[in-house]
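Quick check, what structure comes out for this input:
(chains A and B)
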Amino acid sequence: MNKPSPTAFEKYELEVAESVEAVQQKIKRERENRAYVSFGDYQCVKLRVEIASAVKKSLGIRDAGDIRLVSPPPHVFGDFALDVFNLAKKLKEKPEALAQKIADGIKAREGDLIKDAFAVGAFVNIETHKEILYRDILSQILELKEHYGESDVNAGRVAVIDYSAPNIAKPIGVGHLRSTIIGQALANIYHKTGYSIVKDNHLGDWGTQFGALIYAYQEWGDEKKLAENPITELKDLYVRFHQFAKEHPEAKDQARELFARLEKRDPELIALWKRFRDLSLQDFARVYQRLGIEFDTCIGESYFTKQADQLVDECLDKGFCRKDEISGAVVVDQIEKIPSFLLRKQDGTSLYLTRDLATLQFRIKTFHPHTILYVVGNEQDLNFHQLFAFAKRAWYLSGNTEAKHISFGMVLRDGKKMSTREGTLIELEDLISQSVNKSKEILLHKNPDILPRELDEISEMVGLGAIVYNDLRQSRVKNISFDWKRMLDLESGSAIYLQYSYVRINSILKKLKEVYGGIGLDKLEKDEIAFEYQSEFALAKQLMLFPEIIAGAQATDSPHRIAVYLEELALLFNSFYDEVSLLKTENPKLRASRAALCQSVALVLKEGLGLLGVKVPKKM
RNA sequence: GCGCUCGUAGCUCAGUGGAUAGAGCAUCUGGCUUCGAACCAGAGGGUCGGGGGUCCGAUUCCCUCCGAGCGCACCA
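Numbers count the residues shown, from 1 in each chain, chains lettered A, B, ... in the order given. A predicted model of the protein is given here:
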């Protein structure tokens, strides 16, 4: 056998092997060296533990169940509230009487943080030593700085996050944008709670569509156009094929045949495919860079064709699936209520689900993940049910790994799905440039003296922030109706409000330095931190919750919880800003305390937005 | 036809067994000689799609109907 120089495909396999090796090293390093902030050290946790212990002592019981801390409604006195319904049920007592008992018990013995308690109906309203709590919260944030909010709740775990996954030879549309944005946010959030992350861009670089594309390229391909504007030309070819195939159904058969040849690694077709892939990746890199996204691996579906084939043979041997007598396709019969599906087509080629199965096997073998997240739209709900059910049945997926489909709603335009085939897709780059241009207009309008270089930089942060935030501020399961106007409406409750709040704080701190020669934190001892107004304490209370909010966002795969939290924080800050002037605060200790508060708010805003993938400018 | 998801203020959305269901936008009323008004304070606006059920208590859980979206093997 003659052994020529490595083929295009072999080179690609080498690239993958290198990136995989690098990630494995990263995971190993993190496992050995990463330092964690202990979740139990946070004030929000300490307070809960203290309350739980007070409840237990008051009642003389061992287990107080889960303590849920909430703020009492505005008309009720107290810093925190506790409802006793569940505990009452467990102890078979009347809720009102139990609440009274707990309140009396807490009253009788003052704790480190708890000062007093009052029963109102079935609620116990708790008053804390505000000045101590305030001091502890701020000093902790100032000490931990950008590490504030990190925790060890998932220390030592590995998560593979499969997101973005655009299709080669098509422009990235706003549909894949959701996966990209949500996936990136989840990667950040998971990492913050202790996970080691494998960010994998599972490119759609295989499938019958490439038969169609190659067919179209061979029929109508234009070298000049392809060199000038690769993605546009490839997209046009793809759309043209589908228009043509409507009139000439036989073209579809020919496309399928071309794909079958591709799967057999026909050198001529593989070379063409590799070229389309490389051109597409170059194009995607531009958008990813603007969004600040870097993947650990870009292992496309194409990588798994061989493994998929072997896997199907294996499953046939073991009887997990069967060959259909008539068609010759490989079938998996209905599993419980999940409809049956194919693992191999009549012509012997693989399917999306087959390759995904091989991918799953590969990921488990290679990274030993505790969790695998598939950030893919809800149109694929059934596929993931099928994938997971079969993977469990065939023992590719065991109890050591949890595979989750992070489903999300679709971006609909006029109540309908957008499609490349129909040409109704909105391209991500168009969206970004429109948003950035709109931001430029607004920035220039608000601040005509801004320098051109600053304008470019800031409008990029504001424009991209608007797009990203618009997506992440709402819970992911619901459909988003696409609306240019709303998306680019930067003045309303969007990232710009949070960015503006951050900028204002920066401005205050800068001014403090100018007027007083410093913000005074260096001269402030921990026990000198103090506050005067309720609005200051309310802010600290909100700051205290940040670590729990992150942990909750991770546990429920809900980035929007962070967005909602940050909006509440900014609202509280702007209210405080209106009430209190730092520059006019005469007492240097109080002034420094307020500077500490502002700095903490700024820090949490920046970190929180950072988790969502939104950057903050220093001024705007 | 079957399956999954969604339905909360005029609009966009939070809340999900517990105290009087909350934000933003829009509307109206106030607040810049005062740290950036891209802001703040306040007002109006709700049969939480309809109807049943479970529960001391349901917007939240169950059933049913209505409406919307998405799927239902040789696409991804």
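
Look up how far RNA strand B lies from A:Gly286.
Quick fix: residue A:286 is Arg, not Gly. Applying Cβ to the nearest atom of the strand, to the nearest Å, the value for A:Arg286 to RNA strand B is 22 Å. The way it works is simple: take the backbone N, C-alpha and C, and place the C-beta from them, glycine included.

helix or strand for that residue, which one?
When elements are assigned from DSSP states H and E, A:Arg286 belongs to helix A:267-291.

Just list what that helix packs against, helices and strands only.
If contacts are counted by 3 or more Cβ pairs under 8 Å, 6 or more residues apart in numbering; DSSP states H and E, helix A:267-291 sits against helix A:8-33, helix A:174-192, helix A:208-220, helix A:230-247, helix A:250-263, helix A:428-446, helix A:452-472.

most packed of those?
Mean neighbour count, computed with mean count of other Cβ atoms under 10 Å, is highest for helix A:174-192 among the helices and strands packed on helix A:267-291, reaching a mean of 24.

is the helix or strand of chain A with the lowest mean pLDDT up against RNA strand B anywhere?
When the helices and strands of chain A are scored by mean pLDDT, DSSP states H and E, strand A:416-417 comes last with a mean of 74. Yes - part of strand A:416-417 sits near RNA strand B under the criterion Cβ under 7 Å from any atom of the strand, namely A:Lys416, A:Lys417.

Can you pull the residues of the stretch 501-620 of chain A lying near RNA strand B?
A:503-504, A:507-508, A:511, A:558, A:560-561, A:564, A:567, A:570-571, A:574-575, A:577-578, A:580-584, A:619-620.

run the last query once more with 6 Å
Contact residues (Cβ under 6 Å from any atom of the strand) of the stretch 501-620 of chain A with RNA strand B: A:503-504, A:507-508, A:511, A:560, A:564, A:567, A:571, A:574-575, A:577-578, A:580-583, A:619-620.

Can you flag the buried ones in these?
Among those, the ones that count as buried by 16 or more other Cβ atoms under 10 Å are A:Val503, A:Arg504, A:Ile508, A:His560, A:Val564, A:Glu567, A:Tyr577, A:Val580, A:Leu582, A:Met620.

between the helix holding A:Arg286 and helix A:428-446, how many degrees?
Here the directions of helix A:267-291 and helix A:428-446 differ by 20 degrees (axes from the mean of the first three to the mean of the last three Cα atoms, to 10 degrees).

now the helix or strand following helix A:267-291 and helix A:250-263, what's the angle there?
Next along the chain after helix A:267-291, taking DSSP H and E as the criterion, comes helix A:305-318. Counting by the same axes, to 10 degrees, helix A:305-318 lies at 90 degrees to helix A:250-263.

touching RNA strand B at all, helix A:305-318?
No - judged by Cβ under 6 Å from any atom of the strand, helix A:305-318 makes no contact with RNA strand B; its nearest approach is 10.4 Å.

which strands and helices sit next to that helix?
Other helices and strands packing on helix A:305-318, by 3+ Cβ pairs under 8 Å, 6+ apart, are strand A:341-344, helix A:352-367.

Dump it to CSV, restricted to CA.
This file holds the C-alpha atoms of helix A:305-318, laid out as CSV (Å, rounded to 0.1, in the frame of the first residue of the first chain):
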residue,chain,number,x,y,z
THR,A,305,-18.2,9.3,11.5
LYS,A,306,-15.9,6.4,11.9
GLN,A,307,-16.7,5.9,15.6
ALA,A,308,-20.4,6.2,14.8
ASP,A,309,-20.1,3.4,12.4
GLN,A,310,-18.3,1.2,14.8
LEU,A,311,-20.8,2.1,17.5
VAL,A,312,-23.7,1.0,15.3
ASP,A,313,-22.0,-2.3,14.6
GLU,A,314,-21.4,-2.8,18.3
CYS,A,315,-25.0,-2.0,19.2
LEU,A,316,-26.2,-4.4,16.5
ASP,A,317,-24.1,-7.2,18.0
LYS,A,318,-25.4,-6.5,21.5
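
now for the helices and strands packed on helix A:267-291, which one comes closest to A:Asp41?
A:Asp41 sits nearest to helix A:174-192 of all the helices and strands packed on helix A:267-291, at 15.2 Å, using Cβ to Cβ.

what does the average pLDDT come to for the helix or strand following that closest one?
Counting by DSSP H and E, the element after helix A:174-192 in chain order, helix or strand, is strand A:196-200. For strand A:196-200, mean pLDDT is 98.

what about the stretch 151-300 of chain A, any weak spots by pLDDT?
By pLDDT under 70, the stretch 151-300 of chain A has no low-scoring segment.

Can you pull the residues of it lying near RNA strand B?
A:Asn167, A:Gly204, A:Gly207, A:Thr208, A:Gln209, A:Arg256.

can you pull out the helices in the stretch 451-600 of chain A?
Ranges of helices in the stretch 451-600 of chain A, per DSSP state H, counting those that start in this stretch, are A:452-472, A:484-487, A:495-516, A:534-555, A:560-579, A:588-612.

what's the model's confidence in the second one, averaged?
The predicted model gives helix A:484-487 an average pLDDT of 77.

how's chain A carved up into domains?
For chain A, the structural domains run A:40-128, A:433-612, going by automatic domain parsing.

how about the shortest one, does it reach RNA strand B?
Same thing as domain A:40-128. Yes - Domain A:40-128 lies within reach of RNA strand B by Cβ under 6 Å from any atom of the strand, at A:72-73, A:75-76, A:81, A:83, A:85-86, A:89, A:120-121, A:123, A:125.
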